[in-house]
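predicted model follows, preceded by the sequence.
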Amino acid sequence: MSAKVVCPQHPDANLIEDHRAGDMICSECGLVVGDRVIDVGSEWRTFSNEKGGEDRSRVGGPENNLLSGSDLSTMIGPSTGKASFDSDGNAMYTNRRTVSSSDRTLLNAIKVISSMCDRINLPRTITERANNLFKTVHEGRNLRGRSNEAIAAASLYIACRQEGVPRTFKEIVAVSTVSKKEIGRCFKLILKAHDDTNVDIITTGDFMDRFCGTLGLPRDVQRAATHIAKTAVDLDIVPGRSPISVAAAAIYMASQASSDPRSQKEIADIAGVADVTIRQSYKLMLPSARQLFPEKFKFHIPVEQLPQN
């Protein structure tokens, strides 16, 4: 049992802790009843060399297991040249980072992937999966000649699909600095070069919740669109059409039959496909519209009065 520190004259009085001096002081008589108390709180001094620096931490960044040196490869040594000493004759020191070219590439890729994930609000698990995939591809050296930004974007696209929250190529392109064509090439090369990198087949249901939520559609319209898209695929009404275009056409059909319709352009902007792509899939589905809708759907516009294009 540890002894409790109290004032001998006022054992019931509260003690005041002087963080600067490390003393415990009696609030009644001011007697110092304890000294050299260790402050376990945060560091409130800044040790930055720059004026106005806000960094109050004495430690560096967290370890990064993706790098060969866990990102702790920092050397401190004296400066060279005319700036070796300041005006008072004191030696000046600089931090020199000894980072290999491979680690430098990984660091840049981690920054790019983190930036893309932040812009489209992706969780940390996807960021980490994309980082690990980029490292695997980089160490395999199977994509020589391809830009690291394109590889990073393709890694993020694959990570999203592996985590069950796929994003369209257009969404990845919107937050990257490379073209859709280049990302697509890297995506195919990664899958070809790394057999253990598997991605699930994209279905219409993977995008339905997000598209309908962004459009602000009611829950019954979302359920109807999901049913329409799944039934159209099961009946092979839209052969060769991408799941994204089928999902977009199903949303258009369900919304047009409801009291809250959406135009093809509105849906196209959210889904990342062209208006004509939605129109083509919709025309294939329209002749079978009556059997595509769920039985309990409340029609505001009858099937016969749905738009013909």
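Thanks, I have the structure now.

now the top helix by length along the chain: buried residues?
When the chain is scanned for its longest helix (criterion: DSSP state H), the result is helix 101-119. Of all the residues in helix 101-119, those buried under the rule 16 or more other CB atoms under 10 Å are 103, 105, 106, 109, 110, 112, 113, 114, 116, 117. Yep, even glycine has a C-beta here, placed from its N, CA and C like the rest.

just put those in TSV and tack on pLDDT.
Putting these into TSV (pLDDT from 0 to 100) gives the following:
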residue	pLDDT
103	80
105	86
106	88
109	90
110	91
112	93
113	93
114	92
116	93
117	92
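
let's have those residues in JSON lines, adding distance to residue 182.
Converted to JSON lines, the buried residues of helix 101-119 look like this (distance: CB to CB, whole Å):
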{"residue": "103", "distance to residue 182": "24"}
{"residue": "105", "distance to residue 182": "17"}
{"residue": "106", "distance to residue 182": "20"}
{"residue": "109", "distance to residue 182": "15"}
{"residue": "110", "distance to residue 182": "20"}
{"residue": "112", "distance to residue 182": "14"}
{"residue": "113", "distance to residue 182": "16"}
{"residue": "114", "distance to residue 182": "20"}
{"residue": "116", "distance to residue 182": "15"}
{"residue": "117", "distance to residue 182": "19"}
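
which residues in the stretch 101-250 of the chain form helices?
Along the stretch 101-250 of the chain, the stretches classed as helices by DSSP state H, counting those that start in this stretch are 101-119, 124-140, 148-162, 169-174, 180-193, 205-215, 219-234, 243-256.

so what touches the shortest one?
Going back to what we said before, that points to helix 169-174. Contact with helix 169-174 is made by 116, 120, 153, 156, 157, 179, 180, 183, 184, 272, 273, as judged by CB atoms under 8 Å, 6 or more residues apart in numbering.

do I have it right that the second one meets residue 175?
The reference is to residue 120. Yes. Judged on CB atoms under 8 Å, residue 120 makes contact with residue 175 at a distance of 5.6 Å.

ok, those two, which is more surrounded?
Just comparing residue 120 and residue 175: by other CB atoms under 10 Å the higher neighbour count belongs to residue 175, 17 against 14.

check that one and give its pLDDT.
Residue 175 is assigned a pLDDT of 91 by the prediction.

quick one: buried ones out of the contacts of helix 169-174?
116, 153, 156, 157, 180, 183, 184, 272, 273.

I'd like these as JSON lines, with distance to residue 171 appended.
Formatted as JSON lines, these follow (distance: CB to CB, whole Å):
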{"residue": "116", "distance to residue 171": "10"}
{"residue": "153", "distance to residue 171": "11"}
{"residue": "156", "distance to residue 171": "10"}
{"residue": "157", "distance to residue 171": "9"}
{"residue": "180", "distance to residue 171": "10"}
{"residue": "183", "distance to residue 171": "11"}
{"residue": "184", "distance to residue 171": "14"}
{"residue": "272", "distance to residue 171": "6"}
{"residue": "273", "distance to residue 171": "12"}
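
which single one of those is nearest to residue 247?
Of all the buried ones among the contacts of helix 169-174, residue 247 sits closest to residue 273, with 9.4 Å by CB to CB.

okay, the nearest residue to that closest one once chain neighbours are set aside: pLDDT?
Nearest residue to residue 273 in three dimensions, chain neighbours excluded: residue 245, at 5.4 Å (CB to CB, 6 or more residues apart in numbering). Looking at residue 245, its pLDDT reads 94.

do the one 4 residues further on as well
Taken from the predicted model, the pLDDT recorded for residue 249 is 95.

surely it meets residue 281?
Yes. If you go by CB under 8 Å, residue 249 and residue 281 touch, sitting 3.7 Å apart.

give the buried residues for stretch 189-197.
Here stretch 189-197 shows 189, 190, 194 as buried, counting by 16+ other CB under 10 Å.
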